[in-house]
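Undergrad: I need the structure of the sequence given here:
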Amino acid sequence: MELARYVVDAVVLEGRSCREVARAHGVSKSWVAKLVGRYREGGYEAIRPRSRAPVNIPHRTQPELEDEIVALRKSLTELGVDSGAATIQCHLLRRGGPVPSVSTIWRVLRRRGFVVPEPHKRPRSSWIRFEARLPNECWQSDVTHWRLAGGAEVQIVNVIDDYSRLAVAARVLDVADSPGVLDVFRSAAGTWGLPAAMLSDNGAVYTASYRHGRSALESELLSLGVAFRHSRPYHPQTCGKVERFHQTMKAYLAHQPPAATIAELQAQVDGFVAYYNEVRPHRARGRMTPRAAFEQRDRAGPIRARVAVSNETRVRHDRVDADGKVTLRYRSRLYHVGIGRAFKGRRVVLLVDGLDVRVLDDDGALMRRFLLDPTRNYQPSGRPRYPARVSTMT
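TA: As a prediction, the model looks like this:
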């Protein structure tokens, strides 16, 4: 701007020629003449630098299409689901008409202020990945936490198919115990078929190996011929697919009205699972929906021989409490066994052979024998079969 004003003043005020001024400052005569002409038409404002951008860009995205891209971005973000450029392109393909490339959509989002620069991430070439080759070849399961509107914490058991990323189960429980996890698995297997393998972490609801026993789920999978694998302790990356599913689900739930009850939260989870399985294009599956990827190939199934789970035989020592009860754990579930208040404080031995339980006193005399009813938390004693001891000491 300073040079432009100087050469204009040199020609207009001093009366020097355009050729002389151009030669003195190393610029072209035509440029000097153009500046002088613009000055005489509009004054000093007319000689300010002008943009060289073209007035019309033939290949630029139409404003209507840009508005549609922005509207999709906003609606997907408000829904709490993936709203990246590739996902937006998938939705545009479904509605038909002109569809720009992913890079064009990304540029539109950046131009409109929806893309924030991020630091460089770990390169994908450094990832160590594994993936099943068929649906039902492997399921991943894990438990995550969520809070209701009143602050109460509940747990969500999620199970996904490793190959297709299909959410085969997502159930909200007050407390995710071993019988609850087993019921979730049975429900999923009844809908989608048995998997060849199951992968989980080392939570107590999944495995009892460190307690030198078997959980309810372990016994069930063993009897069905389903392989059961566990991640390395403190290494959640092994179950990374279901861990990522937790994150996607929670992003969705965070955009919903806070659920006051388990039933309300379960309805929200069911709505998310339906969208996730049927509508949401999954990046890991070439932008197919998980349901489409699951149905694309034949399903795998259990390949191991079914093992008849033998009755659990063990010995347990306990003391009758003040209410006349002892406790017994069967398939990771705790039961209370009535002995009788007359035996309060008495030491007893429980001989467990599957569901057949015998209760002996410390001298080996039989106090009670019964069949454990797994449907009842409390096993009533009925009439005591072993009389209280009468002291002979005087």
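Undergrad: pull the CA atoms of the helix or strand bottoming out on mean pLDDT in the chain into CSV?
TA: Counting by mean pLDDT, DSSP states H and E, the chain has its least confident helix or strand at strand 313-319, which shows a mean of 80. Output of strand 313-319 as CSV, limited to C-alpha atoms (Å, rounded to 0.1, in the frame of the first residue of the first chain):
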residue,chain,number,x,y,z
THR,A,313,-17.5,-81.9,45.2
ARG,A,314,-15.9,-80.0,48.1
VAL,A,315,-15.8,-79.6,51.8
ARG,A,316,-16.7,-76.4,53.6
HIS,A,317,-16.2,-75.5,57.3
ASP,A,318,-18.4,-72.9,58.9
ARG,A,319,-20.0,-71.8,62.2
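Undergrad: buried stuff in that strand?
TA: By neighbour count with 16 or more other C-beta atoms under 10 Å, strand 313-319 contains the buried residues residue 318. For glycine as for every other residue, the C-beta is placed from the backbone atoms N, C-alpha and C.
Undergrad: that one pairs with which strands, and in what direction?
TA: Using DSSP bridges, strand 313-319 pairs in its sheet with strand 347-353 (antiparallel).
Undergrad: give me the contacts around the strand it pairs with.
TA: Residues from elsewhere that reach strand 347-353 (C-beta atoms under 8 Å, 6 or more residues apart in numbering): 311-320, 326, 328, 330, 337, 339, 357-362, 364, 367.
Undergrad: give me the contact list for the least confident helix or strand of the chain.
TA: Residues from elsewhere that reach strand 313-319, judged by C-beta under 8 Å, 6+ apart: 326-328, 345-354.
Undergrad: from those residues, which single one is nearest residue 150?
TA: Proximity of the contacts of strand 313-319 to residue 150 was ranked by C-beta to C-beta; the top entry is residue 327 with 31.6 Å.
Undergrad: doesn't that closest one fall inside a helix?
TA: No. Using DSSP: H, G, I helix; E, B strand; the rest coil, the secondary structure at residue 327 is strand, not a helix.
Undergrad: neighbours of it, how many?
TA: Residue crowding around residue 327 was assessed by other C-beta atoms under 10 Å; the count is 12.
Undergrad: and the pLDDT for it?
TA: On pLDDT, residue 327 comes in at 90.
Undergrad: likewise for residue 386?
TA: Looking at residue 386, its pLDDT is 43.
Undergrad: same thing with residue 350?
TA: Note on residue 350: pLDDT of 85.
Undergrad: residue 305 contacts residue 226, correct?
TA: No. Taking C-beta atoms under 8 Å as the definition, residue 305 is not a contact partner of residue 226, at 11.3 Å.
Undergrad: which of those two has more neighbours?
TA: Counted by other C-beta under 10 Å, residue 305 and residue 226 do not tie: residue 226 has more neighbours, with 22 against 6.
Undergrad: where does this protein dip in pLDDT?
TA: 1, 117-122, 124-129, 211-213, 308-312, 382-394 (pLDDT under 70).
Undergrad: okay, now the domains of it?
TA: What automatic domain parsing lists as the domains of the chain is 2-47, 63-111, 139-296, 313-379.
Undergrad: just the buried ones from the contacts of strand 313-319?
TA: Buried among these (16+ other C-beta under 10 Å): 326, 328, 346, 348, 349, 350, 352.
Undergrad: could you identify the most distant pair in these?
TA: Farthest pair in the buried ones among the contacts of strand 313-319 (C-beta to C-beta) is 346 and 352. Separation: 18.4 Å.
Undergrad: which residue ranges form the strands in the stretch 251-394 of the chain?
TA: Under the criterion DSSP state E, counting those that start in this stretch, the stretch 251-394 of the chain contains strands at 313-319, 325-330, 333-338, 347-353, 356-361, 366-371, 378-379.
Undergrad: export those to JSON lines and tack on distance to residue 14?
TA: JSON lines is the format used below for those (distance: least, C-beta to C-beta, whole Å):
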{"stretch": "strand 313-319", "distance to residue 14": "111"}
{"stretch": "strand 325-330", "distance to residue 14": "105"}
{"stretch": "strand 333-338", "distance to residue 14": "103"}
{"stretch": "strand 347-353", "distance to residue 14": "113"}
{"stretch": "strand 356-361", "distance to residue 14": "116"}
{"stretch": "strand 366-371", "distance to residue 14": "118"}
{"stretch": "strand 378-379", "distance to residue 14": "111"}
